[in-house]
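K.L.:
Model the structure of this input:
(2 chains)
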Amino acid sequence: MTAKTLYEKIWNNHLVYEEPGKPSLLYIDRHLIHEGTSPQAFSGLRAEGRKVRRPDLTFAVMDHSVPTKDRTLPIIDQDAKAQFDALEKNCKESGVRLFDMNSKNQGIVHIIGPELGITQPGQTIVCGDSHTSTHGAFGTLAFGIGTSEVEHVLATQCLVQGESKTLHILVHGKRPKGVTAKDIILAIIGKIGIGGGTGHVAEYGGQAIRELSMDGRMTVCNMTIEGGARAGMVAPDETTFAYLEGRPFVPRGKEFQDAVERWKLLTTDDGAKFDMTVELQAENIAPQVTWGTNPGVVTGVTDRVPDPGSFANPDDQKATERALHYMGLKAGTPIVDIPVDRVFIGSCTNSRLDDLRAAAHLVAGKHVAKNIKQALIVPGSRGIKAAAEKEGLDRIFSEAGFEWRDAGCSMCIGMNADVLPPHERSASTSNRNFEGRQGRDSRTHLVSPVMAAAAAIAGHFVDVREFAVTEVE
Amino acid sequence: MKPFITHTGLVLPFDRVNVDTDQMVPKQFLKALTREGFGRILFYDWRYLAGEKPNPEFILNFPEYKGASLLLTRANFGCGSSREHAPWAIGDYGFRVILAPSYADIFYNNCFKNGILPAILKDSDIDQLFKRAEADRSYTLSVDLPNQSITDNKSLTLTFEIAPSRKEVLLKGLDDIGTSLQHVGAIDAYEKAHAATATMYAPVDVKNYS
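P.N.:
Purely as a prediction, here's the structure:
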């Protein structure tokens, strides 16, 4: 037998139908849906008189537009309300389990999948959201799809899919203190570029990846799509199994032990070939800050805003000029001299308990700087919110001048009231710094939770390694 | 879906790399319940100033490009969010063909669900098309999908890449779901064969989790 990659093993395990020269029919184990990209899919089904084939394998949640303030108040945004109502109706009619905005398990779709144990190694998972790559942290083949494909999966529990190329990303060595999973993935995207992984499924390995917690691995896999690869995976190991044991949707007792034995087989065989390999040394990675309008334009916190003229390619020169103009930045400005207006710690990238603990540890006993107009902490799920409150993190944040909010996508995408105003600058733990992403004409800098927390305290970017770091994850 | 065989139309040269789907359809328009009417808001933040006044500096608002149906652009078009609203907006605006050296995966896929041809051309061919389109603001191209060729009226002929299975989808205007449902027997068989390891496929009954 030829040596296979983890991706090839999962692919083969899910082939329903194949024909030479054509894309295959791939079985989907878990289909996650949310209010934003599903209503047209249900309408399409209805128009054709089709039914949801496996409502038991479909899970719905409200996350993109939910308010993060008091949910007992009526929803003011009528368009958002219409989507919530549609999701509720669609789920009720088709028998799909829904975590609505008042459920104690509500949260961002890519946070609650793993948190509830819906996500398990070896599965195929899809969702009408590009950050579905998050679930790959469990050794799962997970990727985002469009609404027509959501409809296809609802109707067939399968997806028409061509095989991807494989990309091996190895991060060797030990991660320095103050350098987080977010910095690792930003450094990777900076190296390969935002289209570097197009057409590929990535698998991460190396000491620095192995030593990450599940929360950290999810951060890395989450932003894989920002490097162009639709899916990113980490082979499951003892860290994975320990995380999953006892979670609500994970089997118990002997069934769990049997599952672990199967999950242990989910590794890339020695000698398996990847189409492309990228290697980094963790020791060389500094805390990262993006300076432009895509996640690939990123640099170490001790660097400066680059000069458009320093790029060889004329397209890059033009794009950099445009980005600096949009961002209101001058070439040559030290990153640490950039002042910040608002801080957002949240999103499916960085809103898990590890993230909140690290940020809370850093701000404990301090206070946000006077020039900071708002500092938001938005836990990724109500489960995380409750766990953080049990540890007293909410009080630490509140005493430091942060707002402690309810769970949702919030200012990562600004579909609810949490919008970054025009020309204001954020230190944000989210995943995209595209023009207008957090609000029209808003200026986003992507950073890790500790870097965001430190920027909130200092009022500008600072090197978190020099900023009272003791045990920073 | 409407089949795509040939198309002739005006080219709009959109000289930007890495155009992401957030630009095509900004977040505030993701709260719709239908697929229709997105053409008006395509590239909203670039296209409109305050009060929805058309931005005269944005190329979609140039009067000479009214009615353009081929979008000529640069690498990694459609990166970022998976929102299918992006190709809905492009199609509803009137574009039937995109010409670029590369596309982001999810966006590329989504185009085929909406009868839009995302043609992949060599970098040097894209450069040449930009030169011609920028020199002549009424530059038109004819696209022939069966022959995978693009021609102008000045004897330029280029070819583009497309996988045979993708080509068939557009040529026949195939409904993916209908095609897949022809294999319902294989889906049934797959589910039966994997019932033994059902913990990987069927959720544990957790009544309290809603």
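K.L.:
And for the nearest residue to residue B:140 once chain neighbours are set aside, the neighbour number?
P.N.:
Closest residue in space to residue B:140, ignoring its immediate chain neighbours: residue B:10 at 5.5 Å, by CB to CB, 6 or more residues apart in numbering or on different chains. C-betas here are computed from N, CA, C, even on glycine. Other residues lying near residue B:10 total 18 when counted by other CB atoms under 10 Å in any protein chain shown.
K.L.:
For the stretch 51-200 of chain A, give me the ranges with low pLDDT.
P.N.:
Counting by pLDDT under 70, the stretch 51-200 of chain A contains no low-confidence range.
K.L.:
can you pull out the helices in it?
P.N.:
Remark: helices assigned in the stretch 51-200 of chain A by DSSP state H, counting those that start in this stretch are A:78-94, A:109-115, A:147-156, A:181-192.
K.L.:
Quick one: those as a markdown table, columns for distance to chain B too.
P.N.:
A markdown table is the format used below for these (distance: least, CB to the nearest CB, whole Å):
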| stretch | distance to chain B |
| --- | --- |
| helix A:78-94 | 4 |
| helix A:109-115 | 10 |
| helix A:147-156 | 4 |
| helix A:181-192 | 11 |
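K.L.:
Buried deepest among the ones you listed, which one?
P.N.:
Mean neighbour count (mean count of other CB atoms under 10 Å in any protein chain shown) peaks for helix A:109-115 among those, with a mean of 29.
K.L.:
And the contacts of that helix?
P.N.:
A:30, A:32-34, A:59, A:61, A:63, A:99, A:105-107, A:118-119, A:125, A:127, A:129, A:131-132, A:134-135, A:137-138, A:214, A:218, A:222, A:243, A:247, A:348, A:351-352, A:380-381, A:383-384, A:407 (CB atoms under 8 Å, 6 or more residues apart in numbering or on different chains).
K.L.:
Now that helix - C-alpha only, CSV.
P.N.:
The C-alpha trace of helix A:109-115 is given here as CSV (Å, rounded to 0.1, in the frame of the first residue of the first chain):
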residue,chain,number,x,y,z
VAL,A,109,-20.6,28.2,14.9
HIS,A,110,-16.9,27.3,14.8
ILE,A,111,-16.6,27.7,18.5
ILE,A,112,-19.5,25.5,19.6
GLY,A,113,-18.9,22.7,17.2
PRO,A,114,-15.7,21.7,19.0
GLU,A,115,-16.9,22.9,22.4
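K.L.:
wait, residue A:448 sits on residue A:182?
P.N.:
Yes - using CB atoms under 8 Å, residue A:448 is in contact with residue A:182, at 3.8 Å.
K.L.:
any residues in contact with both of the two?
P.N.:
With CB under 8 Å, 6+ apart as the test, residue A:448 and residue A:182 both reach A:288, A:350, A:429.
K.L.:
Can you check the residues you listed and name whichever has the most neighbours?
P.N.:
Neighbour counts for these peak at residue A:350, which has 34 neighbours (criterion: other CB under 10 Å).
K.L.:
which residues does residue 138 contact?
P.N.:
I'll assume chain A. By CB under 8 Å, 6+ apart, the neighbours of residue A:138 are A:114, A:119-121, A:123, A:214, A:234, A:236, A:240, A:244.
K.L.:
The intended chain is chain B.
P.N.:
B:10, B:64.
K.L.:
now do the one 3 residues further on
P.N.:
Under the criterion of CB under 8 Å, 6+ apart, the contact partners of residue B:141 comprise B:8-9, B:11, B:70, B:97, B:99, B:129, B:150-152.
K.L.:
can you rerun that using 10 Å?
P.N.:
For residue B:141, the contact set (CB atoms under 10 Å, 6 or more residues apart in numbering or on different chains) comprises B:7-11, B:69-70, B:72, B:97, B:99, B:119, B:129, B:132-133, B:150-153, B:156, B:158.
K.L.:
Look up the pLDDT of the residue lying closest to residue B:190 once chain neighbours are set aside for me, please.
P.N.:
What sits nearest to residue B:190 in space, not counting adjacent residues and going by CB to CB, 6+ apart, is residue A:16, at 4.6 Å. We have a pLDDT of 97 for residue A:16.
K.L.:
repeat for residue B:1
P.N.:
Listed pLDDT for residue B:1 reads 81.
K.L.:
follow-up on the earlier one: for the contacts of residue A:138, work out which two are farthest apart.
P.N.:
Greatest spatial distance in these: A:123 and A:214, 15.3 Å, computed using CB to CB.
K.L.:
Let's see the pLDDT reported for residue A:468.
P.N.:
63.
K.L.:
what do you get for residue A:37?
P.N.:
Note on residue A:37: pLDDT of 97.
K.L.:
Please tell me I have it right and it contacts residue A:146.
P.N.:
Yes - assessed by CB atoms under 10 Å, residue A:37 is found in contact with residue A:146 at 7.7 Å.
K.L.:
so what sits against both of those two?
P.N.:
With CB under 10 Å, 6+ apart as the test, residue A:37 and residue A:146 both reach A:128, B:82-85.
K.L.:
Report the buried members of the residues you listed.
P.N.:
Buried members of the shared contacts of residue A:37 and residue A:146, scored by 16 or more other CB atoms under 10 Å in any protein chain shown, are A:128, B:82-85.
K.L.:
Dump the residues you listed into CSV; add distance to residue A:73 and secondary structure as well.
P.N.:
Formatted as CSV, those follow (distance: CB to CB, whole Å; DSSP: H, G, I helix; E, B strand; the rest coil):
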residue, distance to residue A:73, secondary structure
A:128, 28, coil
B:82, 31, coil
B:83, 28, coil
B:84, 32, coil
B:85, 28, helix
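K.L.:
Can you tell me which of the residues you listed is closest to residue A:206?
P.N.:
Residue A:206 has its nearest neighbour among those in residue B:82, at 28.3 Å by CB to CB.
K.L.:
so what's that closest one up against?
P.N.:
By CB under 10 Å, 6+ apart, the contact list for residue B:82 reads A:37, A:126-132, A:143-147, A:149-150, A:225, A:230, B:21, B:104-107, B:109-110.
K.L.:
For the residue nearest to the spatial centre of chain B, which three-state class applies?
P.N.:
Centroid check for chain B by CA atoms, centre = their mean gives residue B:111 as the closest residue, at 3.3 Å. Secondary structure, DSSP: H, G, I helix; E, B strand; the rest coil: residue B:111 is helix.
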